[in-house]
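J.: Here you go, sequence then predicted model.
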Amino acid sequence: MSKLDVLVKQINREYKEDIASRGIPTRYFEKIPFSSPLANYMTYGGIPRGRIIEFAGEENGGKTTTALDIVANAQRLFIKEYEDEIVELTDIEKRNKEQEARLKYLEERGEQKVVYCDCENTLDEDWAKKLGVDTNNMILLKPMSQTAEQIFEMLLQMIDTDEVGLVVIDSLGVMISQQAYDKDMTEKTMGGIAAPLTLFSKKAELLCTKYNCTLIGINQLRDDMSGFGQMITPGGRGWKHNCSLRLAFKKGDYLDENGNTVKRSSSSPAGNEVNIAIMKTKVCKPDRRNGYYTLNYANGVDIISDTIDLACFYDIIQKGGSWFSIIDMETGEIMGTETEEYKFQGKPALLEFLRNTPDIFTLIYKQVMKRLEE
């Protein structure tokens, strides 16, 4: 064995982690999925675990709603992972010391938790529940007079427990640094929260990677004072550099109950499209830069509508003009009964059919998800 190989082993033994290796080990980024198949298609399965993510964009663009959707799916994912590992360890007849210790630890800890830091103190519990969030099974931080540095330190300590799988900060733009907090209104402060946020993101990146914890920072937009009329996000460049995925959100077209586009002057829209643009990605191919998902104000994410759109893309549903036909993927023929084909004029008619025929929708949804996983 060469001196270098011996040194590699010593390094890994000293730090008790596989820091050094020969070659590049293949790494697959586990994902927390969105509820919308369209958003999952755009991001190759959702947001990566163990990384820092930024949700930025204009006000009322869908940032918080999307984060709550991720929270709901993360809670379900953490429960499933916990139950699966418990069953796997319990089924082992002769467990070694490490397995016994792991089983005892899991039974005491339970599933991983979600920490939601509501810096704006505006979290709507009813809306969160409508999006599927179990509000009784998450840690909610509601800072009152704490500075950015104090909040960041609390979050780092929570991540370092190895009991947190997802952290959401809503939002970075309202935080105040200790430097600004100590000054009066007549004194100017340069940099805002850039310095503490940069240090926090560096520390958080290490802990998130170590414990497979995902951090979502919701950010606002600010006018660029350079005079070019651009919009920027507060927090400095250090934060942006440490983000593995940055998504920009913007409110799209308003929709009525049937999914038809209505004017922005409409007095009572039933929902809207949430437009998403990928500003930066280091966790998937950057070939799907722009996308959207459909939001229904009564029911949350409109999974059926988004499934139809993606099924059309995959030719699971054929669209010709205003007509939609559900295709049997085995025969290539239009599905239907003995007396009627599953052929509909207009998306609203297809939406109504699938809402009233859950078994057909489930079949289409499974085919779409199968294509997404390919």
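T.: All right, it came through fine.
J.: When you work out contacts or count neighbours from here on, use the C-alpha atoms and nothing else.
T.: Fine.
J.: distance between stretch 328-338 and the chain's centre?
T.: Remark: stretch 328-338 is offset 35 Å from the chain centroid, using C-alpha atoms, centre = their mean, to the nearest Å.
J.: An error on my part: the question was meant for stretch 39-55.
T.: 5 Å.
J.: Can you list the buried residues in that stretch?
T.: Going by neighbour count (16 or more other C-alpha atoms under 10 Å), the buried part of stretch 39-55 is 39-55.
J.: Check stretch 156-167 too.
T.: 156, 159-160, 162-167.
J.: Can you get me the start-to-end distance on that stretch?
T.: Terminal residues of stretch 156-167 lie 10 Å apart, using C-alpha to C-alpha, to the nearest Å.
J.: got a list of contacts for it?
T.: With C-alpha atoms under 8 Å, 6 or more residues apart in numbering as the test, stretch 156-167 has contacts from 71, 74, 78, 109, 111-117, 155, 200, 203-204, 207-208, 211-216.
J.: for the stretch 201-350 of the chain, which spans come out with low pLDDT?
T.: Residues of the stretch 201-350 of the chain that meet the criterion pLDDT under 70 lie in 225-231.
J.: Strands along that one, start to end?
T.: 214-218, 222-223, 231-232, 245-255, 261-262, 271-281, 290-296, 300-301, 317-320, 323-326, 343-345 (DSSP state E, counting those that start in this stretch).
J.: List the strands paired with the last one, with their directions.
T.: Right, strand 343-345. Paired with strand 343-345 in the same sheet, following DSSP bridges, are strand 323-326 (antiparallel).
J.: do the fifth one as well
T.: Its sheet considered, strand 261-262 pairs with strand 245-255 (antiparallel) by DSSP bridges.
J.: Ok, the first one next?
T.: For strand 214-218, the paired strands and their directions (DSSP bridges) read strand 52-57 (parallel), strand 164-170 (parallel).
J.: Format the buried residues of stretch 156-167 as CSV; extra columns: pLDDT.
T.: Listed next are the buried residues of stretch 156-167 as CSV, based on pLDDT from 0 to 100:
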residue, pLDDT
156, 98
159, 98
160, 97
162, 95
163, 97
164, 98
165, 98
166, 98
167, 98
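J.: Could you export the residues you listed as CSV, including distance to residue 307?
T.: As requested, the buried residues of stretch 156-167 are exported to CSV (distance: C-alpha to C-alpha, whole Å):
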residue, distance to residue 307
156, 38
159, 35
160, 38
162, 35
163, 34
164, 31
165, 28
166, 26
167, 28
